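Chemist: got a structure for you, letters missing:
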């Protein structure tokens, strides 16, 4: 599960394949809403593991987003599921490059691949899916690339 300004999202993998994903704007309005979203997703999807970001002091995440991540983590900690907090690594020059690379390895993510934005445009909301997927890869390693090319 990942959180960013104005959105909280989850990506569920089964045997290395994306089988479910979802996003909530309401969950980003505060910790109680984030906790409700996390509890609902854990209850309905029954994951074996919930991965959340361990936010370091040098992170660009704002105070509200940090509170939301903490709220999601608190739900996972008390649920009947293993929870892992992981520092999100930034090994790409930008988030769009990371998204393209992830879409190449996870074909189900290709419809969500955003076009690179202009500097004056808002960040595409769907990038949060790729952030959640990146957290998963930080725990389990990189999936092999699909043979087809993503433009």
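Modeler: That came through fine. As the structure is a prediction and not an experimental result, all values here were calculated from the model. Numbers count the residues shown, from 1 in each chain.

Chemist: contacts, neighbours, all on C-alpha from now
Modeler: Will do.

Chemist: Now do the contacts for the nearest residue to residue 102 once chain neighbours are set aside.
Modeler: Nearest non-adjacent residue to residue 102, counting by Cα to Cα, 6 or more residues apart in numbering: residue 130, 7.1 Å away. For residue 130, the contacting residues are 98-99, 102, by Cα atoms under 8 Å, 6 or more residues apart in numbering.

Chemist: Filter these down to the ones in helices?
Modeler: Judged by DSSP state H, the subset of the contacts of residue 130 located in helices is 98-99, 102.

Chemist: Number of residues surrounding residue 100?
Modeler: 20 (other Cα atoms under 10 Å).

Chemist: one step back: secondary structure of the residue nearest to residue 102: a strand, I assume?
Modeler: No. Assessed by DSSP: H, G, I helix; E, B strand; the rest coil, residue 130 does not belong to a strand; its assignment is helix.

Chemist: distance of it from residue 79?
Modeler: In this view, residue 130 and residue 79 are 24 Å apart by Cα to Cα, to the nearest Å.

Chemist: And residue 23, by the same measure?
Modeler: 20 Å.

Chemist: before we move on, what about residue 49?
Modeler: 10 Å.

Chemist: Below-threshold pLDDT in the protein: ranges please.
Modeler: 143-151 (pLDDT under 70).

Chemist: Show me which of residue 23 and residue 79 is the more surrounded one.
Modeler: residue 23 (20 against 15).

Chemist: Isn't that one up against residue 6?
Modeler: No. Assessed by Cα atoms under 8 Å, residue 23 is found out of contact with residue 6, at 10.1 Å.

Chemist: Skip the chain neighbours and tell me the closest residue to the residue nearest the centre of the chain.
Modeler: In the chain, the centroid-proximal residue (Cα atoms, centre = their mean) is residue 132; its distance is 1.6 Å. Spatial nearest neighbour of residue 132, chain neighbours left out: residue 2 (4.9 Å); criterion: Cα to Cα, 6+ apart.
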